[in-house]
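**Q** Output the structure for:
(one chain, ligands or ions: 1)
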Amino acid sequence: MVTVGVDRAVVETALLGGELGCPALGCGGRLAPWGWARRRMVRGEGGEGGAAGLRPRRSRCMDCLQTHVLLPASVLLRRADEVTVIGAALLAKACGCGHRKIATRLGRAASTVRGWLRRIGQVAERVLAVLGVVAAEFGTEFVPPAPTADPVAAVVEMVGALARAVARRLGGSCSPWRLAAVLCGGRLLGPGGPDLLLGPGGVPNTSWLWAGDP
Ligand SMILES: [Zn+2]
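**A** The predicted model follows:
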């Protein structure tokens, strides 16, 4: 799975032009088009009724022949809600709101929101470690609060600080939560959190967030 930009045409051009690198560790091959992944419904800020169909592109590495789904930065792996909606919930939680109140505000089921908050609590340490690698690459002087104090607040602070740092470095602005989705490879709320495979130079391509993305 590879997290890419939300502009379909830009992603397609990059894929056809062999500009997308294989995410398999140590491969270095180029990805080519390989059909489409299963269609899924994604809910945006409009609440439960505002679902839209998304059919992610599938690709195959020309060297190792592994297939990889290209997931837009607006969504997370195996989550039906856009990452900006999930991010809004995490922000509200960091501000002291409970899951029921957040669910009402976002138009989601309380159990859905509770699931997000539980998971981020479980993987916060890993998320902070992954984002910390990127923060170091960007020279961000930011020490997040210890995750044991308030894991959700620590993640929210880190994501905000990174978005500001990236915007300062590259100009313009970006959605903090889409940035988090890219940096976590879509696994912000994955069962074990994001992969800790990022070494120096292994930072995902954040330029996607500037590729025609409002
Ligand atoms: Zn490969």
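
**Q** tell me, which helix in the chain spans the most residues?
**A** Ordering each helix of the chain by length in residues (DSSP state H) puts helix 110-137 first.

**Q** Going by neighbour count, list what's buried in it.
**A** Under the neighbour-count criterion of 16 or more other Cβ atoms under 10 Å, helix 110-137 has 112-114, 116-117, 119-120, 123-128, 130-135 buried. The way it works is simple: take the backbone N, C-alpha and C, and place the C-beta from them, glycine included.

**Q** same question, stretch 12-31
**A** Ala14, Leu15, Leu20, Cys22, Pro23, Gly29, Arg30, Leu31.

**Q** Check those residues one by one and keep those near the ion.
**A** Of the residues in those, proximity to the ion by Cβ under 5 Å from the ion holds for Cys22, Gly29.

**Q** In strands only, show me the buried residues of stretch 12-31.
**A** Leu31 (DSSP state E).

**Q** Pull up the residues of this structure that are close to the ion.
**A** Residues of the chain lying near the ion (Cβ under 5 Å from the ion): Cys22, Ala24, Cys27, Gly29, Cys61, Asp63, Cys64.

**Q** mind putting the residues you listed in a markdown table, distance to Leu71 and pLDDT included?
**A** Shown next, in a markdown table, are the residues of the chain next to the ion (distance: Cβ to Cβ, whole Å; pLDDT from 0 to 100):
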| residue | distance to Leu71 | pLDDT |
| --- | --- | --- |
| Cys22 | 15 | 89 |
| Ala24 | 16 | 83 |
| Cys27 | 19 | 88 |
| Gly29 | 19 | 91 |
| Cys61 | 16 | 94 |
| Asp63 | 21 | 95 |
| Cys64 | 19 | 95 |
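
**Q** Name the SS class of the residue positioned nearest the centre of the chain, please.
**A** The centroid of the chain falls nearest to Ala181 when counting by Cα atoms, centre = their mean (0.8 Å). Secondary structure state of Ala181, per DSSP: H, G, I helix; E, B strand; the rest coil, is helix.

**Q** Which residue is the nearest non-sequential neighbour of it?
**A** Closest residue in space to Ala181, ignoring its immediate chain neighbours: Val83 at 4.5 Å, by Cβ to Cβ, 6 or more residues apart in numbering.

**Q** for stretch 157-168, what is the average pLDDT?
**A** The average pLDDT for stretch 157-168 rounds to 87.

**Q** Next: stretch 80-98.
**A** Average pLDDT, stretch 80-98: 96.
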